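Undergrad: Sequence plus the predicted model coming up.
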Amino acid sequence: MNTWVWSIFILCLTVNSSARSSVFKSEALRLEQASNKLSEKILSKKANPVLIHDLEFTQDVKTKQNPSPANAKTILSLLKLNASRWEKWKSPNEEPFILVDIAGYQVFYFEKEKRVYQTRALVGQASTPTPVFKTEINKIVLNPWWIIPKNIVMTEVLPVLKKDLNLIHEGQLVVFKEMKKGLRKVSISELKTQLEQPAESFPFIVKQRPGEGNPLGNIKFTSKHPNSIFLHGTIEPELFSANQRAVSHGCVRLENPVALAQWILKRQGLKIDLEKLSHRKMNSEETVIKLSKSVPIYFGYWTAWADNDLNYHLREDIYGLDKIPHPAENSYVSLNSRTNSR
């Protein structure tokens, strides 16, 4: 590829750094500057065309050695794509805010554009991915009931209930019918009759009581989403030790949710005994803490990032969303690497 084409490609990535001040813009700027740095190495033909950090290519690219300039352009496109993912959001004017890094399996809390909290996270698996969106947290719920989503009721709960009703008899699950004046508890006989029908016609709401078997753990951060996507605790802490943590139905489970609650409540000025919060028994009653001011939360998907030295790092494209066009042929490649966390 001639120098003029590469120069145009670099020019397209150049941005006005004086306009960049927020967290989102800073992340985008570093990616764009890392792209420029990589392009300059290729243009100057110094050393190898690309420096790769633990990168493995799929069969579409085939080589695990230093890639050719054509494959290097694919990586440049990936860096540009991830910069655009930051840029699509307006700079958060709200303070503070929460950032969910889906592909990085991490959650951050920012105050005055500084990261003051970080924890490992479990995100949605490929078949039930955590979506990219922005919403607000308006409540913190201690020992939450779990309103089981309809798709999970149909595929996981009903097959169990059709075999036996022990979970109902033991009180772990409670079935309700939605009425004009609220919810009415469904009787065992009414439930048995309905279980004889196809799962798709199941009209009831199923809830799981707070307790040691509740997948939400002992804390939930309530936010608005049509498919009930939110942050919560977990009863499977051993899963956080894995490098690949895309295991949930779409919600995001936090390794240390209590610390996040502490930061939020401190900023809200709410006088709550945080020591009791961290040692609260999971079988006690649900308690809802309403926030005086909602906290913005951003769910984002980034498969590349750049450090302060403008070295780039690539992550596994766990949801197959990158779809970078291969410059040498009419096909798409997905660059997969071991996850680099920060």
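TA: Arrived safely, thanks for sending.

Undergrad: residues in contact with the most centrally placed residue in the chain?
TA: Geometric centre of the chain, nearest residue: I102, 3.1 Å, by Cα atoms, centre = their mean. Neighbouring residues of I102 by Cβ atoms under 8 Å, 6 or more residues apart in numbering: 123-124, 129-130, 132, 252, 299-302, 318-319. (Glycine included, C-beta is placed from N, CA and C.)

Undergrad: List the buried residues of the helix or strand harbouring N151.
TA: Assigned by DSSP states H and E, N151 falls within helix 150-152. Buried residues in helix 150-152, defined by neighbour count with 16 or more other Cβ atoms under 10 Å: 150, 152.

Undergrad: List the contacts of that helix.
TA: 202, 249.

Undergrad: out of the contacts of I102, who's nearest E238?
TA: V123 (16.5 Å; Cβ to Cβ).

Undergrad: Could you list everything that closest one pairs with in the sheet?
TA: A246 (DSSP bridges).

Undergrad: and it, how far is that from G182?
TA: Distance of V123 to G182, given as Cβ to Cβ, to the nearest Å: 34 Å.

Undergrad: Same check on K162?
TA: In terms of Cβ to Cβ, K162 sits 27 Å off from G182.

Undergrad: Could you check which of the two has the larger neighbour count?
TA: Neighbours per residue, other Cβ atoms under 10 Å: of K162 and G182, the larger number sits with K162, 12 against 7.

Undergrad: close enough to count as contact, the more buried one and L195?
TA: Yes: applying Cβ atoms under 8 Å as the test, K162 and L195 come out as touching, 5.3 Å apart.

Undergrad: Report the buried residues of the longest helix along the chain.
TA: Taking DSSP state H as the criterion, the chain has its longest helix at helix 23-44. Buried residues in helix 23-44, counted by 16+ other Cβ under 10 Å: 23-25, 27-36, 38-39, 41-42.

Undergrad: Please name the residues that touch V116.
TA: For V116, the contacting residues are 109-110, 263, by Cβ under 8 Å, 6+ apart.

Undergrad: State the phi and psi torsions of it.
TA: Main-chain dihedrals, V116, degrees, to the nearest 10: phi -110, psi -10.

Undergrad: Please report how far it lies from L161.
TA: In terms of Cβ to Cβ, V116 sits 44 Å off from L161.

Undergrad: pLDDT weak spots in this protein?
TA: 1-21, 41-72, 91-94, 273-284, 324-342 (pLDDT under 70).

Undergrad: Let me see the ranges of the helices in it.
TA: 3-13, 23-44, 69-87, 150-152, 158-163, 166-169, 188-195, 257-268, 274-278.

Undergrad: Please tell me I have it right and V132 contacts Y301.
TA: Yes: between V132 and Y301 a contact is recorded at 5.2 Å, counting by Cβ under 8 Å.

Undergrad: Which one of those two is surrounded by more residues?
TA: Y301 (22 against 17).

Undergrad: got a list of what the more buried one touches?
TA: Applying Cβ under 8 Å, 6+ apart to Y301 gives the contacts 85, 102-103, 132, 319, 321.

Undergrad: Let me know the closest of the residues you listed to E170.
TA: When the contacts of Y301 are compared against E170 (criterion: Cβ to Cβ), the nearest one is I102, at 35.4 Å.

Undergrad: and the closest residue to P210 other than its chain neighbours, backbone torsions?
TA: Closest residue to P210 apart from its sequence neighbours, by Cβ to Cβ, 6 or more residues apart in numbering: N143 at 3.8 Å. Dihedral pair for N143: phi 50, psi 60, per degrees, to the nearest 10.

Undergrad: what's the spacing between N143 and E285?
TA: 7 Å.

Undergrad: list the residues that contact both of the two?
TA: P210.

Undergrad: If you count surrounding residues, which of the two has more?
TA: N143 (21 against 10).

Undergrad: My read is that the more buried one contacts E286, right?
TA: Yes: applying Cβ under 8 Å as the test, N143 and E286 come out as touching, 5.2 Å apart.

Undergrad: Between the two, which contacts overlap?
TA: Joint contacts of N143 and E286 (Cβ under 8 Å, 6+ apart) are P210.

Undergrad: And stretch 242-253, how far out from the chain middle?
TA: Relative to its parent chain, stretch 242-253 has a centroid offset of 8 Å by Cα atoms, centre = their mean, to the nearest Å.
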